[in-house]
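**Student:** Task: produce atomic coordinates for the following.
(chains A and B)
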Amino acid sequence: MAEVPTQYGIILAAILFSLGVAGILLRRNIFFVLLFVEVMLNAAGLAFVVAGARWGQADGQVMFIFVLATAAAEVAIGLGLLLRLHHQFKTLNVDEASDLRG
Amino acid sequence: MTSADILSLLPLLVVATTGVVVMLAAAFYRNHRLSLILTLAGLLTAFISLPFVSPLTPRQVTSLVLVDGYALFYMGLIFAAGFIVALLTYGYLEQWDGNPEELYVLLLLATLGAAVLVGSSHFASFFLGLETLSVALYAMIAYNRSLRRGIEAGIKYLVLAGVTAAFLLFGMALVYAETGTLAFSGVIAVAGGGPSLQLMVGLGMLIVGVGFKLGVVPFHMWTPDVYQGAPAPVTGLLASMSKGAMFALLLRYFTPVMALERQGLVWVFTAVAVLSMLGGNILALTQDNVKRILAYSSIAHLGYLLVAFLASGPAGQLAVAFYLVAYFATTLSAFGVVTVLSTPDDEAESLRAYQGLYYRRPWLAIIFTIALLSLAGIPPTAGLVGKIFIAAAGVQASLWLLLIVLVLASVIGVFYYMRIVITMFRRPEADVVQPSMVRLPRAASVVLGALSVILVGLGIYPVPVMRIIERTVARLV
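**Tutor:** Numbers count the residues shown, from 1 in each chain, chains lettered A, B, ... in the order given. Modelled structure (predicted):
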């Protein structure tokens, strides 16, 4: 099986990462914002796996597992907050649910 | 792992164990006072263990954590901040009808994360420490679930911290792809051999991530909203522990990188420092909300710290360490005053709430005045001594542009700090509705008094703290 060049993997990860950034900037629904944060985190995870493969080390994959675990913790709290947000503001739109200004 | 390794991790282990103990205690027997006492005991034990660990240092425990004088010094600062915040929280939540116990668990988790962060020498421990700190902070910010703004601030911080983590991780992955090691030292070996695009982009993304966490301009948008929405003691924690730990890490990771004389990096940090100093102070001028003013002021203070970071060398290290001590004491004392005047459902944040404070609570007004003088850098306070150290380090490294901006920004800062002070000493108008005279919590009052004594004490006689800093932190260089 032919090796996939490191550069390709990094570029794929970079594209995914940019999609995540774009999604966060464009989407106003908090649910999708959280989803795109996940996309960004997993893009970084992919970059780790690719980088690990370049050096033939397990470190990249270990980091990926860390990323998964902490992203899960983050989502657990994120969804909890999302429910409270909906309860308080009756909307999931981040622009409407904004009292803090100045 | 030898027993000496485990012994040198003792401070971290104590804090982690305390977190579990407080959680179990809350599960079986809910008692606010018990949770507080366990938390305080744990943090105190961890703090006391530091001098005993000190003879073992510097010690690399696995490849993840480097326990050296530098790490121990900042751990001490973090544990002290945790201790103070726990005491402030107790009075704040005493009359609240929700469950206060879990906040202490989260506080211990955040402390643990911050302590790991300052000791980390590897991307994995960096990331894990950061996430432990952040995840605990989301929950703390939104702790009062019935408050709209608490939830809003929590969500804002969550999205921000998620994005930050993603930037940091991607940066780490790029650096790793270039260097082949996740250890901090890896970058030095490679960066010497000419810059590659991948490495530069990786370092850039790391800077973006760190910049978001520190809340420096242009990554500062979240700071005022989150500061305003979070419960007052949590805001104090955010401003002190979270930023302080991140700054200590920035220093540890980027000092060797900067030593490679990358002009580009120096320019980036210079721009961020100038923008933060000016931006923070100018934006604060237009605010009428004390928590938001303090938020903008913290942006400016991180800018001052960056000047010391750019000065680098032993003088810069010394200045950062001393300034962080002064900044921690000052910030905690300022937010402490806000905390004792607030309840979880009604925070004393508008400037009006402070009108005539001197005539209602003279001591509190004096304590707040001392904290504000220290933030502004007016003698005889720790803030001034800290600024002098930063200026001295800047002069040594001949960073003239930054020094001019530092002085200008400090002058602008005096205006809004004095505005709060003048408001407190102005006689209240008859028609202003006076906030109810809440009983001051005893523990918090003692803490605030002690912090003020420290602030003035450091302002007049900083030598003892300088000795400790010289013996610990200076070993980094």
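**Student:** Now for B:Trp175, how many residues are close by?
**Tutor:** One correction, residue B:175 is Val, not Trp. Applying other CB atoms under 10 Å in any protein chain shown, we find 28 residues neighbouring B:Val175. Backbone N, C-alpha and C define where each C-beta goes, glycine included.
**Student:** So for it, what's the nearest residue that isn't a sequence neighbour?
**Tutor:** Nearest residue to B:Val175, sequence neighbours excluded (CB to CB, 6 or more residues apart in numbering or on different chains): B:Gly202, at 4.1 Å.
**Student:** SS state for that neighbour?
**Tutor:** Assigned by DSSP: H, G, I helix; E, B strand; the rest coil, the conformation of B:Gly202 is helix.
**Student:** Next one: it, what pLDDT does it get?
**Tutor:** According to the prediction, B:Gly202 has pLDDT 91.
**Student:** Ok, B:Ser35 next?
**Tutor:** 95.
**Student:** Run through the strands of the stretch 351-477 of chain B in chain order.
**Tutor:** Using DSSP state E, counting those that start in this stretch, the stretch 351-477 of chain B contains no strands.
**Student:** Equivalent analysis for chain B, please.
**Tutor:** B:59-61, B:65-67 (DSSP state E).
**Student:** Pairing partners for the first one, with directions?
**Tutor:** To tie it back to what came earlier, the one meant is strand B:59-61. Paired strands of strand B:59-61, with direction, are strand B:65-67 (antiparallel) (DSSP bridges).
**Student:** ok, now which ones touch B:Arg252?
**Tutor:** Contact analysis of B:Arg252 by CB atoms under 8 Å, 6 or more residues apart in numbering or on different chains lists B:Tyr70, B:Val118, B:Ser120, B:Ser121, B:Phe184, B:Leu476.
**Student:** you'd agree the first one is up against B:Val473?
**Tutor:** Yep, that's B:Tyr70 we're talking about. Yes: with contact defined as CB atoms under 8 Å, B:Tyr70 and B:Val473 form a contacting pair (5.3 Å).
**Student:** I'd like to know which elements the longest helix along chain A is packed against.
**Tutor:** If you go by DSSP state H, chain A has its longest helix at helix A:59-89. On a contact count with 3 or more CB pairs under 8 Å, 6 or more residues apart in numbering or on different chains; DSSP states H and E, helix A:59-89 meets helix A:30-55, helix B:123-141, helix B:148-179.
**Student:** If you drop the residues flanking it in sequence, what lies closest to whatever residue of the stretch 1-150 of chain B ends up closest to chain A?
**Tutor:** Closest residue of the stretch 1-150 of chain B to chain A, CB to the nearest CB: B:Glu131 (4.2 Å). Among residues not flanking B:Glu131 along the chain, A:Thr70 sits closest, at 4.2 Å (CB to CB, 6+ apart).
**Student:** ok, now B:Gly303?
**Tutor:** In space, B:Gly303 is closest to B:Ser276, 3.1 Å off (CB to CB, 6+ apart).
**Student:** now B:Thr223
**Tutor:** B:Gly215 (4.2 Å).
**Student:** quick one: contacts for the one you found?
**Tutor:** Applying CB under 8 Å, 6+ apart to B:Gly215 gives the contacts B:Trp222, B:Thr223, B:Lys243, B:Ser298, B:Ile299, B:Leu302.
**Student:** what about the fifth one, distance to B:Leu103?
**Tutor:** Yep, that's B:Ile299 we're talking about. Distance, B:Ile299 to B:Leu103, by CB to CB, to the nearest Å: 26 Å.
**Student:** same question, the last one
**Tutor:** Using CB to CB, we find B:Leu302 at a distance of 26 Å from B:Leu103.
**Student:** pLDDT weak spots in the chain?
**Tutor:** Assuming you mean chain A. Low-confidence segments of chain A (pLDDT under 70): A:1-2, A:101-102.
**Student:** wait, chain B
**Tutor:** By pLDDT under 70, the low-scoring segments of chain B are B:190-195, B:261-262, B:430-438, B:474-477.
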